[in-house]
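Enquirer: no FASTA, just this:
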């Protein structure tokens, strides 16, 4: 949950808050949860993870709405300087990763979420389909188009 929230919100503190809200909401809604995995889904199949990520998705959306209403400035750079860290160390390596994440952040929400769920949270297509409320085929198309868009974006920016 935290990883998903962090990659969606881009801030550790916001991700911690969203993770906490997700689990509190899940705990409150737990009596209403019904397992819907079928025997054909295989041993260990569960819809609990999908249900939990749906709650996380809603929590992250609410957090984004709050952020738009209450804009703040990040203090990461200032704290690094105050701690006496060499700010320029590793900047080139981080710039490539930052460029890739900026390209991902520019994607439409459904494509961005599909990529994060697939490659960060390592979910299956079926799980992502359940979370996003789409078919598995639609999720595969979302991921494919998102990867192509990120690659095009990075090519235009001169990044490998």
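Expert: Cool, got the structure. Given the structure is predicted, the values throughout are model-derived calculations rather than measurements.
Enquirer: For residue 138, which non-adjacent residue is closest in space?
Expert: In space, and not counting its chain neighbours, residue 138 is closest to residue 129: 7.2 Å by C-beta to C-beta, 6 or more residues apart in numbering. Yep, even glycine has a C-beta here, placed from its N, CA and C like the rest.
Enquirer: Would you mind identifying the next helix or strand past the helix or strand hosting the one you found?
Expert: Assigned by DSSP states H and E, residue 129 belongs to helix 125-132. Note on helix 125-132: by DSSP H and E, the next helix or strand toward the C-terminus is helix 136-156.
Enquirer: Would you mark the buried spots in that following helix?
Expert: 138, 139, 140, 142, 143, 146, 147, 149, 150, 153, 154 (16 or more other C-beta atoms under 10 Å).
Enquirer: ok, the third one to residue 126 distance?
Expert: According to C-beta to C-beta, to the nearest Å, residue 140 and residue 126 sit 11 Å apart.
Enquirer: do the first one as well
Expert: To residue 126, residue 138 is 12 Å away according to C-beta to C-beta.
Enquirer: can you give me the helices in this structure?
Expert: 2-9, 12-29, 48-69, 76-82, 91-105, 109-115, 125-132, 136-156 (DSSP state H).
Enquirer: Serialize those to JSON lines and add fields for mean pLDDT and distance to residue 35.
Expert: As requested, the helices of the chain are exported to JSON lines (pLDDT from 0 to 100; distance: least, C-beta to C-beta, whole Å):
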{"stretch": "helix 2-9", "mean pLDDT": "90", "distance to residue 35": "22"}
{"stretch": "helix 12-29", "mean pLDDT": "94", "distance to residue 35": "14"}
{"stretch": "helix 48-69", "mean pLDDT": "88", "distance to residue 35": "7"}
{"stretch": "helix 76-82", "mean pLDDT": "55", "distance to residue 35": "41"}
{"stretch": "helix 91-105", "mean pLDDT": "77", "distance to residue 35": "33"}
{"stretch": "helix 109-115", "mean pLDDT": "91", "distance to residue 35": "24"}
{"stretch": "helix 125-132", "mean pLDDT": "90", "distance to residue 35": "13"}
{"stretch": "helix 136-156", "mean pLDDT": "92", "distance to residue 35": "20"}
